[in-house]
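In: Attaching a predicted model along with its sequence, questions to come.
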Amino acid sequence: QVQLVESGGGLVQPGGSLRLSCAASGLTFSSYALGWFRQAPGKEREFVAAISRSDSTGYADSVKGRFTVSRDNAKNAVYLQMTMLKPEDTAIYYCAKHRGGIISLSPNAYDYWGQGTQVTVSS
């Protein structure tokens, strides 16, 4: 079965950086788009970034220019490099497998999710 496991979260000061990783198994990884979403306490899950099977990328306006999504098909992994972090970036971050190969902003377009990793930005 498909499994997604995130890692790399933690506590970081404002202006700092973190790199999240998501290891995937049980799928033909290169055939699918992968996305990153986040959910802060009391808020709905929101799109952060995604990468298509052809390496096209898309970002939420709130993270554009600060976050970079990438993938390594040889390692079945997707990454989210986060820089210039702000307190409002604090959330649980989830990676998700798209139902197909294109980028979508809607969580409904993704059929498998990881368990999430906590990112806290605070001084």
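Out: Sure thing, it's come through. None of these values were measured; they are calculated from a predicted model.

In: First-to-last residue distance for stretch 39-48?
Out: Using CA to CA, to the nearest Å, the end-to-end distance of stretch 39-48 comes out at 10 Å.

In: Of all the residues in that stretch, which ones are buried?
Out: By 16 or more other CB atoms under 10 Å, the buried positions in stretch 39-48 come out as 45, 47-48. (C-beta placed from N, C-alpha, C; glycine too.)

In: List just the nearest of those to Gln81.
Out: Gln81 has its nearest neighbour among those in Val48, at 11.8 Å by CB to CB.

In: Nearest residue to the closest one in space, please, no chain neighbours.
Out: Leaving aside its chain neighbours, Val48 sits nearest to Trp36 (4.3 Å; criterion: CB to CB, 6 or more residues apart in numbering).

In: Which helix or strand contains the one you found?
Out: Element membership of Trp36, judged by DSSP states H and E, is strand 34-39.

In: The next helix-or-strand element following that strand: partners in the sheet, and parallel or antiparallel?
Out: Following strand 34-39 in sequence order, the next helix or strand is strand 46-51 (DSSP H and E). Applying DSSP bridges to the sheet, strand 46-51 is found paired with strand 34-39 (antiparallel), strand 57-59 (antiparallel).
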